[in-house]
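Novice: Give me coordinates for this.
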Amino acid sequence: MSMTTYTDFAGKLHFEIYPELLDVIERDGKFQIFQGIAPLLTPAGKEMKHESERLIQLMITDLIFQGHGKVERLSAPVLFAFQKDVVESADDAFRLEWDAQVLSDPFVIIKTTGKNKTEPFRPEDKLFSFAFITVSALIKSINDFVNTAMSETDLQDSELHPFPELLRWGYDRLTAEQKVAAQAMNGVHRSGLVLPLVLILNIISPNEYAKGLIALKIKPESDYESIMLDATRVLDYLACYQTEAETVPQIGLKIREGENDVIEFKSTLRWDIRAGKTNQAVERACLKTISAFLNSQGGTLLIGVRDDGTIEGIETDKFVNEDKFLLHLWTLIRTCLGRDVSRYIRTQLEKADEKTVCIVHCLRSHRPVFLRQPGFNEEFFIRVGPSSNAMDISEALRYIGDHFENS
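Specialist: Next up, the predicted model:
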């Protein structure tokens, strides 16, 4: 019987697989990999299961197909294990080393100083024109990211170059699996953050990513094919990670579940429908729900859905466009809940009944989140069934001690 030894791109995870014993079993709405009669576990003991059948199929086919010897460092099972054991279970090491990561990034250096950290190709080199055109095109693509970030973040005017702070904003908005992808690309290719980030956000292609590393002399020309394969493998992982419920029918599925401890509906973000004007109390209702999800086990807030499950649409909030809606929502979150909570929140807009609904996905926060909204008392909320309840000081202290002591 053959055995495959896996190690991740950072050299921290090690586990052994017997491909002939692998199988997929569906239980409780999730697909799970088994090895023989036992669930397959990550090195830290997490079960390898997910709602997405595509993701599980990708992982088990990687496990079986690669069969013997050492598996590629960017295969789906390794990315999944690293995500569960490291990224979702501990502080983000990449974020903790943020300054060093950003200051050493080749494109941060180019954009902030106009210089290349490596010796550039000279006019007499055969790849001079290739490098010049490639880097110029990548800078243009990176500027597309900058323009989008500028429109959605409340970056303050400063003498410092804004690009590093915009990268921080972009990274904090990534999902856990996207952060794994960014760390994996940097870990294998020493590519920094910028190129993996714009690749993950579909601003550049795997081909452009690979050519960028060669143009910057980070990787030799001979590595082109392997880099392309790595980038494609990572994007496959991200594509398969989405469940069917996270695509077209997500709103309908959430609405059919009804409001509960992890789902809540709000008709609007700021518009008081009865009074016919904006109202801070309406904004506070959304913020209460988000903070309660963060302080509990996470959850999903649907803005633009009435209590009875019919669609109101964020158009009622009367913003100029959807970007302005998102900018206002994220400004409220950062101002009233803290800038650092953005790592636990993901927003997306989806159409339903020809109207737009904003889906706010909240993970459990690793620290207590207090709602500090101007004009209101500071409060601490948790989920109790289908509602968000405020706690008095003594209750909050006990809850925080029990809930966050191991975070």
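Novice: With adjacent residues omitted, what lies nearest to Trp271?
Specialist: The spatially closest residue to Trp271, leaving aside those adjacent along the chain, is Asp317, at 4.8 Å (Cβ to Cβ, 6 or more residues apart in numbering). Heads up, the C-betas are built off the backbone N, CA and C, glycines and all.
Novice: Ignore what I typed, I meant Ala81.
Specialist: Leaving aside its sequence neighbours, Ala81 is closest to Thr42 (4.1 Å, by Cβ to Cβ, 6+ apart).
Novice: State the distance from that neighbour to Asp85.
Specialist: Applying Cβ to Cβ, to the nearest Å, the value for Thr42 to Asp85 is 5 Å.
Novice: again with Pro19
Specialist: Taking Cβ to Cβ as the measure, Pro19 and Asp85 are separated by 21 Å.
Novice: These two: which is more packed in?
Specialist: Remark: of Pro19 and Asp85, Asp85 carries more neighbours, 20 against 17, as counted by other Cβ atoms under 10 Å.
Novice: That one reaches Met48, doesn't it?
Specialist: No. Contact criterion Cβ atoms under 8 Å: Asp85 and Met48 do not qualify, at 10.9 Å.
Novice: if I look at the two, which residues touch both of them?
Specialist: Both Asp85 and Met48 are contacted by Thr42, under the criterion Cβ atoms under 8 Å, 6 or more residues apart in numbering.
Novice: Need the contact partners of stretch 397-407.
Specialist: 295, 365-368, 380, 382, 391.
Novice: Tell me which residues of that stretch come out buried.
Specialist: 399-400, 403 (16 or more other Cβ atoms under 10 Å).
Novice: Return the member of these nearest to Phe34.
Specialist: Within the buried residues of stretch 397-407, the smallest distance to Phe34 is 32.5 Å, found for His403 (Cβ to Cβ).
Novice: Which of the buried residues of stretch 397-407 fall in strands?
Specialist: Residues of those located in strands (DSSP state E): none.
Novice: mind putting those residues in CSV, distance to Arg346 and pLDDT included?
Specialist: Conversion of the buried residues of stretch 397-407 to CSV gives the following (distance: Cβ to Cβ, whole Å; pLDDT from 0 to 100):
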residue, distance to Arg346, pLDDT
Tyr399, 25, 93
Ile400, 24, 93
His403, 22, 86
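Novice: Quick check: end-to-end length of stretch 147-166?
Specialist: 10 Å (Cα to Cα, to the nearest Å).
Novice: What residues of stretch 83-91 count as buried?
Specialist: Going by neighbour count (16+ other Cβ under 10 Å), the buried part of stretch 83-91 is 83-87.
Novice: And stretch 174-194, by the same measure?
Specialist: Neighbour counts using 16+ other Cβ under 10 Å place 174-189, 191-194 of stretch 174-194 among the buried residues.
Novice: quick one: average pLDDT of that stretch?
Specialist: Mean per-residue pLDDT for stretch 174-194: 89.
Novice: Stretch 21-33 now?
Specialist: 85.
Novice: same check, this time on stretch 218-235
Specialist: On average, stretch 218-235 scores 92.
Novice: Also stretch 122-129?
Specialist: Mean pLDDT, stretch 122-129: 89.
Novice: can you give me how far that stretch is from the chain middle?
Specialist: Relative to its chain's centre, stretch 122-129 lies at 39 Å (Cα atoms, centre = their mean, to the nearest Å).
Novice: Stretch 278-293 too?
Specialist: Relative to its chain's centre, stretch 278-293 lies at 23 Å (Cα atoms, centre = their mean).
Novice: And the contacts of it?
Specialist: Contacts with stretch 278-293, where a contact means Cβ under 8 Å, 6+ apart, come from 262, 264, 266, 268-272, 299-301, 303, 329, 332-333, 336-337, 345, 360, 362, 369-371, 373, 375-376, 379-383, 388-390.
Novice: wait, is Asp154 part of a strand?
Specialist: No. Looking at Asp154 with DSSP: H, G, I helix; E, B strand; the rest coil, it is coil, so not inside a strand.
Novice: Quick one: the strands in the stretch 251-400 of the chain, in order.
Specialist: 263-266, 271-272, 277-278, 299-303, 345-352, 355-362, 381-384, 387-390 (DSSP state E, counting those that start in this stretch).
Novice: No more questions from me, cheers.
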